[in-house]
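Asks: how would this look folded up:
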Amino acid sequence: MEAGTIKLLELGTATEHELRPTRLVIAGFTGRRRDAVAEHLEELRALGVAIPDRTPAFYQVDPGLLTTATRIGVAGAFTSGEVEPVIIVHQGRLLLTVGSDHTDRDLERSSIEQSKQACPKVIGTGCVGMERVKSWDQAELSSSIDGEPEPYQRGRLESLLGLEALLEEGRSAGIELRDGDVVFLGTIPTRDGALRPGKLFRGTLRLVGEPTPLTVEYTVDLIAGHPDAPPREELR
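Replies: Next up is the predicted model:
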């Protein structure tokens with residue numbers, strides 16, 4: 001799938017960036033507490049999931065999956081989003097936005113790699129230059145589903161590996177950043193420990209000292225023809 005042009009507005013400026021992603025990387029198991037990551041891996045192993053040989057894990061997926069669409073179609077009946085900081089290498093600069101690594105949870109049980117390829121990866125249309133990020137650890141991620149008042153996810157980036165540490169792990173895995181790269185940096189746990197699908201997903205990244213948060217929001221539809229999908233007219 002060929003990647004289309006992605007347009008992002010740099011918040012607080014009139015600068016619009018036109019990106020054509022050439023590589024899309026999804027980082028997984030990026031928690032800063034490695035003992036907690038190891039415990040989670042053992043839980044997945046007990047469920048029969050083929051866990052990665054090393055963590056953090058870096059999954060390269062089709063850059064054509066990247067989108068800023070406010071409506072996406074999925075083929076699986078059990079898919080869900082997860083909010084993540086996302087960095088983009090563009091014209092020699094690092095830009096930061098927020099995105100959702102929407103994933104097929106049923107497929108994830110048999111293959112994490114295939115589950116990462118199964119759904120669009122949605123990012124917001126706003127960004128900031130990394131030079132504006134005053135405190136990485138104190139930035140806050142949150143998400144909600146279906147407009148529920150209680151957050152689905154909420155936590156600070158201090159629970160994830162620091163950016164430099166994560167990029168160094170990527171280099172060790174053979175991923176040297178280059179222009180056109182888009183990297184999802186990992187997520188935080190759900191507040192109740194359960195993954196849940198939803199029709200509407202909203203994610204937010206709040207940065208210290210920035211008045212406007214970075215946001216991503218989209219609606220999820222089952223593609224027409226799926227046995228659980230509504231009639232075609234309801235998908236419009």
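Asks: longest helix anywhere in this protein?
Replies: helix 34-46 (DSSP state H).
Asks: show me what counts as buried in the next helix or strand after that one.
Replies: Of the helices and strands lying after helix 34-46 in sequence (DSSP states H and E), the nearest is strand 57-61. Within strand 57-61, the residues that count as buried by 16 or more other CB atoms under 10 Å are 57-59, 61. C-beta: built from backbone N, CA, C; applies to glycine.
Asks: also stretch 122-131?
Replies: So stretch 122-131, judged by 16+ other CB under 10 Å, has buried residues 122-124, 126-128.
Asks: endpoint to endpoint, that stretch covers what distance?
Replies: Using CA to CA, to the nearest Å, the span of stretch 122-131 from its first residue to its last is 23 Å.
Asks: quick check: mean pLDDT of that stretch?
Replies: Mean pLDDT, computed over stretch 122-131, is 97.
Asks: so where's the protein shaky on pLDDT?
Replies: Residue ranges of the chain with pLDDT under 70: 1-3, 43, 47, 224-236.
Asks: now do the helices in it.
Replies: 34-46, 105-108, 112-117, 163-172.
Asks: closest one of the buried residues of strand 57-61 to Glu39?
Replies: Nearest to Glu39 among the buried residues of strand 57-61 is Ala57, at 16.0 Å by CB to CB.
Asks: tell me the contacts of the nearest residue to that closest one once chain neighbours are set aside?
Replies: Once flanking residues are discounted, Ala57 sits nearest to Gly28: 4.5 Å by CB to CB, 6 or more residues apart in numbering. Shown in contact with Gly28 (CB atoms under 8 Å, 6 or more residues apart in numbering): 52, 55-59, 112, 186.
Asks: any chance of JSON lines for those, columns distance to Asp101?
Replies: Output for these, formatted as JSON lines (distance: CB to CB, whole Å):
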{"residue": "Pro52", "distance to Asp101": "15"}
{"residue": "Thr55", "distance to Asp101": "16"}
{"residue": "Pro56", "distance to Asp101": "13"}
{"residue": "Ala57", "distance to Asp101": "12"}
{"residue": "Phe58", "distance to Asp101": "13"}
{"residue": "Tyr59", "distance to Asp101": "9"}
{"residue": "Ile112", "distance to Asp101": "11"}
{"residue": "Gly186", "distance to Asp101": "9"}
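Asks: show me which of those residues is closest to Pro197.
Replies: Nearest to Pro197 out of these is Ile112 (CB to CB; 17.9 Å).
Asks: any idea how far that closest one is from Tyr59?
Replies: Distance of Ile112 to Tyr59, given as CB to CB, to the nearest Å: 7 Å.
Asks: with Ser172 instead?
Replies: Ser172 is 15 Å from Tyr59, by CB to CB.
Asks: take the helices of the chain and lay them out in CSV including distance to Gly147 and mean neighbour count.
Replies: Formatted as CSV, those follow (distance: least, CB to CB, whole Å; neighbours: other CB atoms under 10 Å):
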stretch, distance to Gly147, mean neighbour count
helix 34-46, 29, 12
helix 105-108, 21, 18
helix 112-117, 26, 18
helix 163-172, 31, 15
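Asks: of these, which is nearest Leu8?
Replies: helix 163-172 (18.7 Å).
Asks: just want the angle from that closest one to strand 57-61.
Replies: Per axes from the mean of the first three to the mean of the last three CA atoms, to 10 degrees, the angle that helix 163-172 makes with strand 57-61 is 70 degrees.
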